[in-house]
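Trainee: Any chance you could fold what I've pasted below:
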Amino acid sequence: MSDFSRREFLKRSAAAGVASGVALTGFGRNAVASDVAQVGTMIDLTRCDGCKGLDTPACVTACREENKDRFPDPVKDIPDNWPQKKKEDWSDKKDLTTRLTPYNWTFVQNVNVEHGGKRYDLSVPRRCMHCDNPPCANVCPLSANHKMPEGPVVIDSDICLGGAKCRSVCPWGIPARQAGVGLYMKIIPGIAGGGVMYKCDLCYSRVKSGQTPACVEACPRNAIVFGEKEKMRALAYKRAAETNGYVYGDKENGGTSTFYVSPVPFEKINAELMKQKAAQSHPKTPGFPGMPVDMENFTDTANGIAWSMAIAPIAGIAAAAGAAYKTMKGGKNND
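Mentor: Below is the predicted model of the structure:
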């Protein structure tokens, strides 16, 4: 986009918005096709041991290798965002694998939990839950976040401006932001936008071609299982019954495509994770998700409904602008 002007982009975007007559509701724009089988994962905490003996868990290494060509490559001198005079820059921490970052889309949390008179050392792989009704996608004012027909929730890095509303409405605070990269740097850097948001997309390109996500393929203990969503749900409850355990992800946030099975209640796991987070030097920093239960989906709240209605016209224009940008980008690449 560097070889065409802001004025030209905005001109084409406005024209595309008028021509398309897009009127999105916030809810409907992320509806999925009913004739496509959705996929999901079952993560068995009775089997995961965090890959003891390895410097980095196999699932984390596989994820990084699979997605390395998609990691952000920010400009050298990243402008501060007006008026805060701050930015989120992880480019000097690309090798960090103990939390979620724009360069690390999954990691493993470790907790020691007491239950029923016994203590359990648990390793918990964490990444996007791929919600059934993702508030991150429903409230994105730029329509950069989408629930795909197969189930994964995917961020379009070409049109994301890094406003981080997706992260603020995610109960787990999953998306991570990298400044100095993305569309905002081509239009009004430092004035609007903050970069691009990054997270697990369940290896969507692999899913579309009938392959298994990299993390699943790499797991040496078969602790992460992939398949049709309803089969994964049934498998989770079957495994929970076999181990006298508990299931997480089926009801949380209105339902997700990720089903955890644990030998201890998830309330206890969440309590321990919150203790770990509180002990950090910057406890409000995102990237260390908890496992809250019984949370309400933001989309179903009064504020969520109002927000979705308010951004519908903006989202419609933004979707058209995104299409215009992709058309222009493709045209430039084909010249």
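Trainee: how far away is the residue lying farthest from the centre of the chain from residue 264?
Mentor: Within the chain, the residue lying farthest from the chain centre (C-alpha atoms, centre = their mean) is residue 117, at 36.1 Å. Here the criterion is C-beta to C-beta, to the nearest Å. By it, residue 117 lies 12 Å from residue 264. All C-beta spots, glycine's among them, are computed from the backbone N, C-alpha and C.
Trainee: What are the boundaries of the helices in this protein?
Mentor: Counting by DSSP state H, one finds helices in the chain at the ranges 6-20, 58-67, 135-138, 165-169, 184-187, 204-208, 214-218, 229-243, 266-278, 302-334.
Trainee: quick one: the one residue sitting closest to the centre of the chain from residue 117, how far?
Mentor: A centroid search over the chain (C-alpha atoms, centre = their mean) returns residue 199, at 3.9 Å, as the residue closest to the centre. From residue 199 over to residue 117 the distance is 38 Å, taken as C-beta to C-beta.
Trainee: what do you get for residue 289?
Mentor: Using C-beta to C-beta, one obtains 28 Å as the distance from residue 289 to residue 117.
Trainee: State the number of residues packed around residue 280.
Mentor: Here the number of neighbours of residue 280 (other C-beta atoms under 10 Å) works out to 11.
Trainee: next one: residue 138
Mentor: The burial count assigned to residue 138 is 28, neighbours taken as other C-beta under 10 Å.
Trainee: and the nearest residue to it once chain neighbours are set aside, how far is that from residue 127?
Mentor: In this structure, residue 138 finds its nearest non-sequential neighbour in residue 299, 4.7 Å apart by C-beta to C-beta, 6 or more residues apart in numbering. Per C-beta to C-beta, residue 299 is found 21 Å from residue 127.
Trainee: what's the answer for residue 296, then?
Mentor: Noted for residue 296: a distance of 22 Å to residue 127, by C-beta to C-beta.
Trainee: Compare neighbour counts for those two and give me the winner.
Mentor: residue 127 (25 against 12).
Trainee: doesn't residue 109 make contact with the more buried one?
Mentor: No - with contact taken as C-beta atoms under 8 Å, residue 127 and residue 109 are classed as non-touching, separated by 11.0 Å.
Trainee: which stretch in the helices of the chain has the least confidence?
Mentor: Taking the average pLDDT of each of the helices of the chain, the minimum falls on helix 6-20, with a mean of 43.
Trainee: so who does the closest residue to residue 71 other than its chain neighbours touch?
Mentor: Once its chain neighbours are removed from consideration, residue 71 has its nearest residue in residue 103; the separation is 5.1 Å (C-beta to C-beta, 6+ apart). Residues near residue 103 by C-beta atoms under 8 Å, 6 or more residues apart in numbering: 64, 71, 72, 90, 93, 94, 95, 96, 178, 198.
Trainee: Distance to residue 244 and neighbour count added to those residues, as TSV?
Mentor: Rendered in TSV, the data for the contacts of residue 103 read as follows (distance: C-beta to C-beta, whole Å; neighbours: other C-beta atoms under 10 Å):
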residue	distance to residue 244	neighbour count
64	35	19
71	41	18
72	44	21
90	41	22
93	40	12
94	42	15
95	40	10
96	36	14
178	43	26
198	38	27
